[in-house]
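1. need coordinates for the following:
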Amino acid sequence: MGSGQGAALRVLACALAAGTACAGLSAVPASAAETPPVVSRGVTIPEFYTPPAELPAANGALIRTEALPLGLNIPGLDGRPMPGTATRLMYKSTDSSGQPVAVTGAYIEPSTAWKGSGPRPLVAVASGTMGQGDQCAPSFALQHPLTLNGDTVSVGYEALAIYRILAAGAAVVVTDYVGLGATDRLHTYVNRLDQGHALLDAARAARSVPGASVTAASRTGLYGYSQGGGASAAAAELQPSYAPDVPLAGTYAGAPPADLTAVMKGIDGSALAGALAWSINGFAQSDPDLRAVVEANISTTGKAALADASTMCVGDAIFGYGFTKSSKWTTSGKSIGEIIAAEPRARAALDKQRIGTLKPSGPVRLATGVNDDIVPHAQARRLAVDWCRKGGDITYDAVVLPNLGDKILTNHLVPLLTDQGEAIGWLTDRLAGKPSTSNCWSMPIQP
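-> Numbers count the residues shown, from 1 in each chain. This is a model prediction of the structure:
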């Protein structure tokens, strides 16, 4: 077991056994000089990802930067690399408990000129599900598009969308989310506030990157699918109160997990069942009420599975826990969903994560595959309805494809690819200042 895996197991054991007293232990790291390098499933995490003990006061303030060699690039005719020049970031954000947190990510200055009006725009990208191990961080995947060492499997699949955005002349900043990459805590998977804050603060941080052409006046777009769709949706709702200084021009939210109760049922027993462990781990770390429910109901086998999953990437989780039912992890033999439904505290904790209770800022394009059974279509469509009822400027697009196989991820992943061109085209138009046209009027006839 690597030191990173051991650290993750200790954090999780603390969360499950010691209640709220462990929160400080996971949030305050030792200095890099006092600890050996973090190794997660055979991958040494660069020292850059270890946060300092003291963080700056301002959200979005840069803590440190360094050059980030992109794993996929080609020399341009002018000598500059295509699609751009990347910088690794660490910046300050605020977590769901209101505490300061260091978040890592990457900024890419494109080689392509921006041909639209105004200064070069910025797109803050929220990655789809990568995993919970620090080696799965999106910024790490930009440098290492494929990590395959016999202990872990991570694929940087978001590079296609990122490079298409860069080709349009927009700069890109990518967040690693809270605790993914940064070695001081577990990644708080699908936590609405953590993800929304981290994405908005990434946009703030981009302005201060040495050599960046984006400014405080740059139109900003948010882009995300799946976990990323939930993060971009949450950020669009939170922007008016949390980051009014981010000039939000448009948001793409693809397959957003807006209702975690429904999403947990969707992933339970699916090829991506390991993601259920990631959500339990994250909420056990950050929410005392859910932690209490986990302590009372998860079996010894379940605790071992949660600890194991805490250092996994998507590939590892599919191979290790694909199609596992959560009833195998509980003392009662009931599913996690059934246990949460019977526990008012747990239901209330998940209700706080619901996206759709606030009106989003600016125009939003929400797309969802009609046969998506992993991040269920019905709850994503309901988000569009909720936003429309609040007067949001919503473009809803139901991606109609045949059923490509139940619970095997195809119904969830194929719309990511088939809709990507339209999503980026729509967002580029918003960055160019073109007006959007809401189709909320069509919701009664949309699937």
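
2. and the strands in the stretch 101-250 of the chain, which stretches?
-> Ranges of strands in the stretch 101-250 of the chain, per DSSP state E, counting those that start in this stretch, are 122-126, 146-148, 153-155, 171-175, 220-225, 248-254.

3. the ones you listed: which one's closest to residue 39?
-> Of all those, strand 146-148 sits nearest to residue 39, with 13.0 Å by C-beta to C-beta. Bear in mind the C-beta positions are built from the backbone N, C-alpha and C, glycine included.

4. packing partners for the closest one?
-> strand 153-155 (3 or more C-beta pairs under 8 Å, 6 or more residues apart in numbering; DSSP states H and E).

5. list the contacts of the strand it packs on.
-> 130-131, 135-136, 140-141, 144-148, 313-316, 319 (C-beta atoms under 8 Å, 6 or more residues apart in numbering).

6. that one pairs with which strands, parallel or anti?
-> If you go by DSSP bridges, strand 153-155 pairs up with strand 146-148 (antiparallel).

7. about what we covered before: which of the contacts of strand 153-155 are buried? Put it as a ChimeraX command.
-> In ChimeraX, this line selects whichever of these come out buried by 16 or more other C-beta atoms under 10 Å:
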select :130,131,135,136,140,141,144,147,313,314,315,316
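
8. rewinding a little: and of the strands of the stretch 101-250 of the chain, who's closest to residue 63?
-> Of the strands of the stretch 101-250 of the chain, nearest to residue 63 by C-beta to C-beta is strand 171-175, at 13.8 Å.

9. that closest one - contacts with which helices or strands?
-> strand 84-94, strand 100-110, strand 122-126, helix 138-143, helix 159-167, helix 192-206.

10. which of those sits most buried?
-> strand 122-126 (a mean of 29; mean count of other C-beta atoms under 10 Å).

11. distance from that strand to the middle of the chain?
-> 11 Å (C-alpha atoms, centre = their mean, to the nearest Å).

12. residues contacting it, please?
-> Residues outside strand 122-126 that contact it (C-beta under 8 Å, 6+ apart): 138, 158, 161-162, 165, 170-175, 177, 195, 199-200, 202-203, 206, 214, 218-224, 227-229, 231-232, 235, 427, 431.

13. the closest residue to residue 291 other than its chain neighbours is in what secondary structure piece?
-> Once flanking residues are discounted, residue 291 sits nearest to residue 284: 4.5 Å by C-beta to C-beta, 6 or more residues apart in numbering. Residue 284 belongs to helix 274-286 when assigned by DSSP states H and E.

14. now do that helix and helix 192-206, the angle between them.
-> If you take axes from the mean of the first three to the mean of the last three C-alpha atoms, to 10 degrees, helix 274-286 sits at 90 degrees to helix 192-206.

15. show me the shaky parts of the stretch 301-447 of the chain.
-> Low-confidence segments of the stretch 301-447 of the chain (pLDDT under 70): none present.

16. which residue ranges of it form helices?
-> 314-321, 336-342, 344-351, 377-389, 410-418, 420-431 (DSSP state H, counting those that start in this stretch).

17. quick one, the longest one and strand 248-254 angle?
-> Direction vectors for helix 377-389 and strand 248-254, defined by the same axes, to 10 degrees, enclose an angle of 160 degrees.

18. which positions within helix 377-389 qualify as buried?
-> For helix 377-389, the neighbour count (16+ other C-beta under 10 Å) marks 377, 379-381, 383-388 as buried.
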